[in-house]
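S.K.: build me a model:
(one chain, ligands or ions: 1)
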Amino acid sequence: MRPVFREALEKLADGGRPGREEVLALLEADPGEEEESLFRAADAVRRRVVGDEVHLRGVIEFSNHCRRHCLYCGIRADNRRLERYRMQPAEIVAAARRGVELGYKTIVLQSGEDPWYTRETLAEIIRSIKEWGVAVTLCVGERPREDYACWREAGADRYLLKHETANPRLYARLHPGMHLADRLNHLRWLKELGYQVGAGNIVGLPGQTLADLADDLLLLRDLRVEMAGIGPFIPHPDTPLGQYPPGSVSLTLRVLAVARLLLPWCHLPATTALATLNPEARRLALLRGANVVMPNLTPARYRRNYEIYPNKICLDEDPGHCRLCLHQLVSGLGRRLAAGPGHGLLSGRPDTGPA
Ligand code: SAH
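M.R.: Numbering: from 1, shown residues only. Purely as a prediction, here's the structure:
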């Protein structure tokens, strides 16, 4: 084991605040002894700090219309080959009801950036779902501050807005017309409004370095996020990045493990993108720091067209079957499905490592 790796790991175990070089040393873990000790440490922190419960968040992908041009994303405005759909508000509420009946305690409303859904339309949907006492997470991209405020007022609990990459030049290149500074500003607004805020990054983007990934993790720590979605890049053939190789599953698992060490209180999903590249990776992620899974509640006839990347898993699964399958996965690991809403754990915690 390299001394620099051992020292970085020990510093984290003692609740220290490692810098960029140390985070890099952890991300560079060699297969074998180093990776094993990294993964063991991440799983131990996960168990000690967030426990054995796995939180399920039922996701409804309610519209694949998008006004953005993100180079990696299959639902970008420029993709003319995609059949577009919008779920009516009553259909969204009905899909959420299905999720509540299946026992999900959090409903995630996700879409492309689609202004068809006005501030008031979404507020009405949120109010309807909140009547059932579940948590509501929004993941609908950048909107005016007034929209965020109105939805918070309507009862939305959480907001997921991934920062995608902490490298400002790479960010600008991948998101025409967008800037990392604006993204961070939106995340700050959401915090000010009292949302439990989630961010996160893509691993293996063309042009991304390991140092960029270290910066992603340090940014997540500085933002004090309650949730971090960390998934591999998956090339979509109908995008400008269609010919690039996908992100590495093993690197994504290392980033996830280091995230657990740096952000002990954070909710970390075993992402769908990871499971799409390798069906076994969902289980591995749960053993390397993850404590959340986000099953799909989108009605079958729309699901195929929410194609942010190709070959997404469980495209034909009935939501009831997904629930059973996840129950089996989680109990097979000696863990259990959470009974509560799984709210953020960070509020009031010190900003250093686990106590
Ligand atoms: N419009 C919303 C939701 C976007 S889709 C928003 O801006 O927040 C949710 C996530 O999918 C994105 O944040 C992005 O990280 C991820 N994603 C999109 N295309 C992807 C691809 N080709 N590979 C991996 N992840 C991708």
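S.K.: do a quick rundown of the helices in the stretch 201-350 of the chain.
M.R.: Counting by DSSP state H, counting those that start in this stretch, one finds helices in the stretch 201-350 of the chain at the ranges 210-223, 249-262, 272-277, 281-286, 300-303, 319-332.
S.K.: E28 and F5 touch, don't they?
M.R.: Yes. Using Cβ atoms under 8 Å, E28 and F5 qualify as a contacting pair, with a distance of 7.5 Å. C-beta: built from backbone N, CA, C; applies to glycine.
S.K.: that older thread, export the helices of the stretch 201-350 of the chain as TSV, with columns for mean neighbour count and distance to V136.
M.R.: Shown next, in TSV, are those (neighbours: other Cβ atoms under 10 Å; distance: least, Cβ to Cβ, whole Å):
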stretch	mean neighbour count	distance to V136
helix 210-223	20	21
helix 249-262	25	24
helix 272-277	22	19
helix 281-286	21	24
helix 300-303	14	20
helix 319-332	15	17
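S.K.: the ligand contacts on this structure?
M.R.: Counting by Cβ under 6 Å from any ligand atom, the chain comes close to the ligand at 72-73, 110, 112-113, 139-141, 161-162, 164, 202, 231, 233-234, 236, 273, 308-309.
S.K.: re the thing from before, the more surrounded of E28 and F5?
M.R.: For E28 and F5, the more surrounded residue by other Cβ atoms under 10 Å is F5, and the numbers stand at 19 against 16.
S.K.: need the contact partners of the helix or strand encompassing that one.
M.R.: When elements are assigned from DSSP states H and E, F5 belongs to helix 3-13. With Cβ atoms under 8 Å, 6 or more residues apart in numbering as the test, helix 3-13 has contacts from 17-18, 21-23, 25-26, 28-29, 34, 37-38, 41, 261-262, 353.
S.K.: how does it look with 10 Å?
M.R.: 1-2, 16-19, 21-30, 33-34, 37-38, 40-42, 44-45, 258, 260-262, 264, 353-354 (Cβ atoms under 10 Å, 6 or more residues apart in numbering).
S.K.: what subset of those residues is buried?
M.R.: For these, a burial check counting by 16 or more other Cβ atoms under 10 Å picks out 18, 22-29, 34, 38, 41-42, 45, 258, 260-262, 264, 353-354.
S.K.: looking at these, which are in helices?
M.R.: 22-27, 34, 38, 41-42, 45, 258, 260-262 (DSSP state H).
S.K.: tell me the two of those that are most distant?
M.R.: Farthest-apart pair in those is L24 and V45; separation 19.5 Å (Cβ to Cβ).
S.K.: hang on, the earlier thing: and the helix holding F5, average pLDDT?
M.R.: Regarding helix 3-13, the rounded mean pLDDT is 94.
S.K.: do the same with stretch 20-39
M.R.: On average, stretch 20-39 scores 97.
S.K.: also stretch 336-352?
M.R.: For stretch 336-352, mean pLDDT is 82.
S.K.: ok, which stretches of the stretch 51-200 of the chain are helices?
M.R.: Counting by DSSP H, counting those that start in this stretch, the stretch 51-200 of the chain has helices at residues 89-101, 119-130, 145-154, 168-174, 180-192.
S.K.: as TSV, these with mean neighbour count and mean pLDDT would be great.
M.R.: Below are those laid out as TSV (neighbours: other Cβ atoms under 10 Å; pLDDT from 0 to 100):
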stretch	mean neighbour count	mean pLDDT
helix 89-101	18	98
helix 119-130	18	98
helix 145-154	17	98
helix 168-174	17	98
helix 180-192	17	98
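S.K.: a markdown table for these, including distance to E53?
M.R.: Formatted as a markdown table, these follow (distance: least, Cβ to Cβ, whole Å):
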| stretch | distance to E53 |
| --- | --- |
| helix 89-101 | 18 |
| helix 119-130 | 22 |
| helix 145-154 | 26 |
| helix 168-174 | 34 |
| helix 180-192 | 25 |
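S.K.: now do the helix holding F5 against helix 249-262, angle only.
M.R.: Computed by axes from the mean of the first three to the mean of the last three Cα atoms, to 10 degrees, the angle separating helix 3-13 from helix 249-262 equals 40 degrees.
S.K.: CA atoms of stretch 286-305 as PDB?
M.R.: Written as PDB, here are the backbone C-alpha positions of stretch 286-305 (Å, rounded to 0.1, in the frame of the first residue of the first chain):
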ATOM      1  CA  LEU A 286     -24.700  -0.800  -1.700                       C
ATOM      2  CA  LEU A 287     -21.600  -2.500  -0.300                       C
ATOM      3  CA  ARG A 288     -19.300   0.500  -1.000                       C
ATOM      4  CA  GLY A 289     -21.100   3.400   0.600                       C
ATOM      5  CA  ALA A 290     -24.500   3.700  -1.100                       C
ATOM      6  CA  ASN A 291     -27.800   3.600   1.000                       C
ATOM      7  CA  VAL A 292     -30.400   4.600  -1.600                       C
ATOM      8  CA  VAL A 293     -32.000   3.100  -4.700                       C
ATOM      9  CA  MET A 294     -34.300   5.000  -7.000                       C
ATOM     10  CA  PRO A 295     -36.800   2.700  -8.700                       C
ATOM     11  CA  ASN A 296     -38.800   3.800 -11.700                       C
ATOM     12  CA  LEU A 297     -42.500   4.700 -11.300                       C
ATOM     13  CA  THR A 298     -43.000   6.100 -14.800                       C
ATOM     14  CA  PRO A 299     -45.900   4.400 -16.600                       C
ATOM     15  CA  ALA A 300     -44.500   1.800 -19.100                       C
ATOM     16  CA  ARG A 301     -45.700   3.500 -22.200                       C
ATOM     17  CA  TYR A 302     -43.600   6.600 -21.500                       C
ATOM     18  CA  ARG A 303     -40.600   5.000 -19.800                       C
ATOM     19  CA  ARG A 304     -38.800   4.000 -23.000                       C
ATOM     20  CA  ASN A 305     -38.700   7.500 -24.200                       C
END
